[in-house]
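1. predicted model, plus sequence, below.
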Amino acid sequence: MVELIWLVPALPLLGFFLLLLIGHKVGEPGSGWIATIAAGGSFLATLAVFVGLLGRDGHAGDRSYEFILFEWLPAGSLKVEAGFLVDPLSITMALFVTGVGSLIHLYSIGYMHGDPKFSKFFLYLNLFLFSMLMLVFGNNLVVTFLGWEGVGACSYFLISFWHQRESAARAGKKAFVTNRVGDWGFMIATFAIWSALGTVTYTEISNSPAMSAATGTAVSLLLFVAAAGKSAQLPLYVWLPDAMEGPTPVSAMVHAATMVTSGVYLLVRMNSVLTDDALLVIAVVGAATALFAALCAVAQHDIKKVLAYSTVSQLGYMFLAIGSGAYVAAIFHVITHAFFKALLFLGSGSVIHGMHDEQDMRKMGALRAVMPITAGTFIVGWLAIAGVPPFAGFWSKDEILLAAWEQKNIGPLLWFVGLVTALLTAYYMSRQVILVFFGKQNWEEDVHPHESSWTMTTPLCLLAGAAVVGGAINLPLVKDWLVLEHFLEPIFHHPHHFSSGTATKIALAVISVVAGLIGISIAILSWLTRRIPTDRLEPEFLENAMYVDATYARVVGGTGTSAFQKTADFDSSVVDGSVNGLGRLIMKFGQLIQPTQSGYMRNYAIGIAVGALAIIALLAWGLLL
Amino acid sequence: MEITTGWYLVLGAMLFVIGGTGLLIRRNPLVMLMCVELMLNGVNLSFVAMAQQLDDIGGQTVVFFVLVVAAAEVVVGLGLVVAILRRQPGATADDLSALKG
Amino acid sequence: MGSLQLVGFVGPSVNWWALLPQIILLGAALAVLLVSALAPQRASTVFTTVTTLCAALTSFVVALGLWSDVKADGPSSSIASAFGVDGFSIFFTVLILIGLATTALLSHGYLDREEMDPPEFHALLLCSAAGAIVMASANDLIVMFLGLEALSIGIYVMIAMHHRRSEARESAIKYFVLGAFSSAFLLYGIALTYGATGSTNLVHIRSYLDAVVFQDQHLLMAAMALLLVGLSFKVAAAPFHFWAPDVYQGAPSPVTGWMASIAKAAGFAALLRIFFAAFASHDVDWAPIVGALAVITLVIGSVMAILQTDIKRMLAFSSVSHAGYVLVAVHSASATGTSAALFYLFTYTLMVLGSFAIVGAMGPDDEHPLSRYTGLGRSRPVIAIGFTVLLLAQAGIPTTSGFIAKFQVIAAAVESESYFIAGVSMVTAVIGAFMYLRIVMAMYVVDEGEEGPRPIWHWTTSVVVLAAVGFTIIVGLVPQFLIEFARDAVPVLVRG
């Protein structure tokens, strides 16, 4: 059944073309159902491939199947095929991409109800799913890059879906630029790998001898730049909070569950070339991102902004895991995070929907009575992300913290940062739950919140179920229960083994649970019972996301006028700062050479004459040497 | 003193450079055209001199091709100059700088 | 070239079959002129366009016949080895004929709208195309020079044909004076090559350079430098590019498309034939210079492009940076690099002709501000999608031919271990992408209720855009056939 692999990306592509041709005729809700069926079919096909793969012997290296479509790009000694690679890693990614993706498609039918661009939305969603599957299943770096660019493009379309000129241009530009930096890293890494190993195909790369230390580290860091752009790590994270301006299902699917994890996927896929030096950098950046974003999340008022920063923070955890060499833990967290973060985003979407497009948490409160299903499922998501056992988030986070603890160079420090992040995560999520669902009613009387329709609540319930039991795929209690780890083992060059004794493991787990509980307690004391004055917990610098905007604007060469402006919208300044700063540098250079384009013929002729003399001089110089 | 081929080549090069310099510093479109002709003739002289040196007729036949091409160019060039001067009497090359940046 | 005695003179054998493509084009040019001179009424645009298309098609069929000959019998040359009949020349003949047909189609609506004379325009276009083919096929530097002049002189006049506009006149005289100036350099380069090697024939030059170890290196170096100058001007490589933005802006849009695509391609054909084929033994001398030109061209082209506010100037600077990419491929001085350059030129030609078809149809040529495109995505969604594809292809986004082209170029640079140049090409690709993004954004990102432009559209333009977009995407997905075509077209020099 592994041969059915072509069906997996083909179905969303078919859905895309169908919607392109007849989408506007079918309208609502028909086009939504077409897209959902395409996504669901793709999930079923993935399941079939998965079953087929399980039927093969896991130890004989048999669980790796390449499906070559055609030779795509022969360039000199480099041959690139358009092909798919089915192995435990890609199938694991594909299972949750199509699974969570299908649920979000279903949810969107209810969420996008009444939107004039209804069918267009689903067209993009299907195209996105197709690109994501190309990214995951590509059997070489170039095909993955194709999907990589594709998901990026869909992401821009979807970010600007509801927005008119100004904000769309701003959000799109920011996402485009930061992603371009990452893409640049990806391309150079691809060529560097090709020039060092003579291949860009994954199976051949993992079987190649190691590169020299310097090349290996350079390649690893370039791949990390690529991953940091897509997966929103410091300092390239700036586009992700902005991306939340898109419709909520998009935030759930593109900017939380799937696309942003592709950087993690890339690094795990390329684990055989990552060097220890590079891993240390990845671990440090990951830990720093986790902590930084968690701090930013503490003082946000927008229900989606909290989740956006939380996503950045959780992605930091995944990179911390990769940096510590615990690839399985990273993928494990990718999966559990996809469950609970998609759940939280969809839940927030349900709230926003029920509150008639209100996103400010200070104007909510006590919604559990009117939106019981949303509240219940949201609380499950909260417990999962806060690391409360036995919810899914606990197991994956615990494994990452353990891996960080065992990191060779600065393990305890990384662990401590991770622990503080866990505490902060528990705090800001609890704050969110309390502000939205508990406490006193803060909305106006003329707002009539209501529970959402079944197409929206069904995915919530299913995802809540996954968030409860998702940890079961990799339980550390008994060795045989580490299903995911055993399944993924053939992928890794240096399988990671935890060296700590059982006592240490339990101690670390207890500490992290306690940290989570402390975070929850602080939130309850300050926000529910109001024992602690809250203004001290929300210092101005946190609310303004630590003035990163201002710093960026100053350091990278922004206008300076807006540098100290206390803007709650931290992103607008980042755009002015980083994008314009970089652009300005190029523009400055351009303006420097623009006078040469004077319009005078004689100047142009001088250009030719000088060029001619320069070439003659260079050649003469060459003769002298 | 014997006049060797080298002298002709130097003369050709000088004509070429004079023509090129003239094109760089003159403003009158007609004079600029003449400067281009001067450059081409410098090249022609070099061709003839080298043909003589190499004892090869090919270099001399080239000159005829070049003359024909130069004549064709002049036809077009004069046409353009006339078209411009008719609309903007007394225009110099520097007046034609609306397109820039 | 034999004796002075005319008695018993035997001319070189001529393979008329090999010359047929150009002869057809010139015949069509004469026919158009004759009919328009003799006909009682002014010849219609339909007549001239159809004549040009028929000529291009017939010529195309002949070229395909020649292609199968070359496949079967191997490359050859004709007229005392002055004219090559090989994969390379046929590759460019095919490309130039496609460009000719495309330009004829996209000028169809344009000539009527701007009230320009169709017979003259088409006659010049046909002569120009014949010149381009001669230039790409010539195995003799003098023949190449003649081809280049035929190509250029036609273009000088076509630019100036828009006689009511002072910008057209200005750009014509600029192109003319600078073109003649650079032609003089090229010709001087030919003279010095002749002096250094004793021949203007590339086959002789090649065998001379291969056989003779000790040569007058200085003369040869100066010759190579001057040849490079003359051809760099034609392909608009920095610092010989200054004319390009001004001329592209002032010229009628179909002519701009012709200059940006075919004149550039013919220039590169000559460059490759001279340097890659004839001066192959001296690649250590010329390759670094070409690399330096490539870097300067890439940087200047992409940086200056983002400063522009006029679409035609943007595309002009983008065409400068495209020349830089092709130079990167030429720089690698390998068969891989050459076929990458050929692939790039082929795909680029269609992208740029499609783009200028849209630009020309969008409105009068006085100026092309970006604001003219605001809201096109709403008012004319199909055109906007077409333009978007062509622009993204120029930016090198995957699933378009532009990506494959750039990928091959950079792969060739990496293969020849020019990492710095490969790095520069990737950075400038990112910078250049901003400019394309700006145009795309202008088309799609509009405020509610704002009306986009509704240009008057001729169906021939739609045909061109559709063909260009279709080709761009198909080659982006299945590039195999074109890659093989380009690989078979790597230039070779054969006698007789």
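-> Thanks, I have it. Residues are numbered from 1 along each chain as shown, chains lettered A, B, ... in the order given.
2. got the buried residues for the biggest helix by length in chain B?
-> Criterion DSSP state H: the longest helix present in chain B is helix B:58-87. Under the neighbour-count criterion of 16 or more other CB atoms under 10 Å in any protein chain shown, helix B:58-87 has B:58-59, B:62-63, B:65-66, B:69-70, B:73-74, B:76-77, B:80-81, B:83-84 buried. Every C-beta, even on glycine, is put in place using the N, C-alpha and C of the backbone.
3. tell me how many other residues crowd the residue of chain B found nearest chain A.
-> Going by CB to the nearest CB, chain A is nearest to residue B:100 of chain B, at 2.8 Å. When neighbours are defined as other CB atoms under 10 Å in any protein chain shown, residue B:100 has 16 of them.
4. ok, now residue A:397?
-> Other residues near residue A:397 number 30, with proximity taken as other CB under 10 Å.
5. okay but it is in contact with residue A:330, surely?
-> No - between residue A:397 and residue A:330 there is no contact, the gap being 11.6 Å when judged by CB atoms under 8 Å.
6. for the residue of chain B closest to chain A, give me the pLDDT.
-> With respect to pLDDT, residue B:100 has a value of 84.
7. over to residue A:220?
-> 90.
8. ok, and the closest non-adjacent residue to it?
-> Leaving out its chain neighbours, the residue that sits closest to residue A:220 by CB to CB, 6 or more residues apart in numbering or on different chains is residue A:278, at 3.3 Å.
9. so how far is chain B from the one you found?
-> Per CB to the nearest CB, to the nearest Å, residue A:278 is found 45 Å from chain B.
10. next: residue A:420.
-> Taking CB to the nearest CB, one finds residue A:420 at 54 Å from chain B.
11. check which helix or strand that residue maps to.
-> Element membership for residue A:420 (DSSP states H and E) is helix A:411-437.
12. and what of residue C:27?
-> Going by DSSP H and E, residue C:27 is in helix C:16-38.
13. pull the distance from that helix to the chain's centre.
-> Here the centre of helix C:16-38 is set off from its chain's centre by 22 Å, with CA atoms, centre = their mean, to the nearest Å.
14. what's it packed up against?
-> helix C:45-73, strand C:76-78, strand C:83-85, helix C:87-114, helix C:118-137 (3 or more CB pairs under 8 Å, 6 or more residues apart in numbering or on different chains; DSSP states H and E).
15. thinking again about what came up before, pretty sure the residue of chain B closest to chain A sits in a helix.
-> No - counting by DSSP: H, G, I helix; E, B strand; the rest coil, one finds residue B:100 to be coil, located in no helix.
16. name the residue of the stretch 1-150 of chain A that lies nearest to chain B.
-> Taking CB to the nearest CB, the stretch 1-150 of chain A has residue A:149 as its residue nearest chain B, at 32.5 Å.
17. ranking the helices and strands packed on helix C:16-38 by burial, who's on top?
-> Highest mean neighbour count among the helices and strands packed on helix C:16-38 (mean count of other CB atoms under 10 Å in any protein chain shown): helix C:118-137, with a mean of 27.
18. just the pLDDT at the residue positioned nearest the centre of chain A, thanks.
-> With distances taken as CA atoms, centre = their mean, residue A:260 lies nearest the centre of chain A, 1.5 Å away. Per-residue pLDDT puts residue A:260 at 88.
19. confidence score at the residue nearest to residue A:220?
-> Looking at residue A:278, its pLDDT reads 90.
20. just to revisit the earlier point, of the buried residues of helix B:58-87, closest to residue C:199?
-> residue B:58 (7.0 Å; CB to CB).
21. count the residues that sit near residue C:165.
-> Other residues within reach of residue C:165, judged by other CB under 10 Å, total 17.
22. what parts of the stretch 51-200 of chain C come near chain A?
-> Residues of the stretch 51-200 of chain C found near chain A (CB under 8 Å from any CB of the partner chain) are C:173, C:174, C:177, C:178, C:181, C:182, C:185.
23. for residue 174, pull up the helix or strand it's in.
-> The chain I'm using is chain A. Take DSSP H and E as the rule and residue A:174 turns out to sit in helix A:165-197.
24. meant chain C actually
-> Secondary structure from DSSP H and E places residue C:174 in helix C:166-197.
25. now that helix, how far from the centre of its chain.
-> Remark: helix C:166-197 is offset 17 Å from the chain centroid, using CA atoms, centre = their mean.
26. for it, enumerate the helices and strands it packs against.
-> Contacts defined by 3+ CB pairs under 8 Å, 6+ apart place helix C:166-197 against helix A:601-624, helix B:5-25, helix B:29-54, helix B:58-87, helix C:141-160, helix C:202-211, helix C:217-235, helix C:243-250.
27. can you tell me what sits against the shortest one?
-> Yep, that's helix C:243-250 we're talking about. By CB atoms under 8 Å, 6 or more residues apart in numbering or on different chains, the residues outside helix C:243-250 that reach it are A:597, A:599, A:604, B:99-101, C:159, C:165, C:167-168, C:170-172, C:174-175, C:178-179, C:233, C:236, C:256, C:259-260, C:304, C:308, C:310, C:312-313, C:315-317, C:319-320, C:368.
28. mind checking what secondary structure residue A:265 has?
-> Secondary structure, three-state DSSP: residue A:265 is helix.
29. so where do the strands sit in chain A?
-> Using DSSP state E, the strands of chain A run over A:65-75, A:78-86.
30. can I get those strands in CSV with distance to residue A:103, mean neighbour count and mean pLDDT?
-> What follows is the strands of chain A, written out as CSV (distance: least, CB to CB, whole Å; neighbours: other CB atoms under 10 Å in any protein chain shown; pLDDT from 0 to 100):
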stretch, distance to residue A:103, mean neighbour count, mean pLDDT
strand A:65-75, 27, 17, 77
strand A:78-86, 23, 21, 84
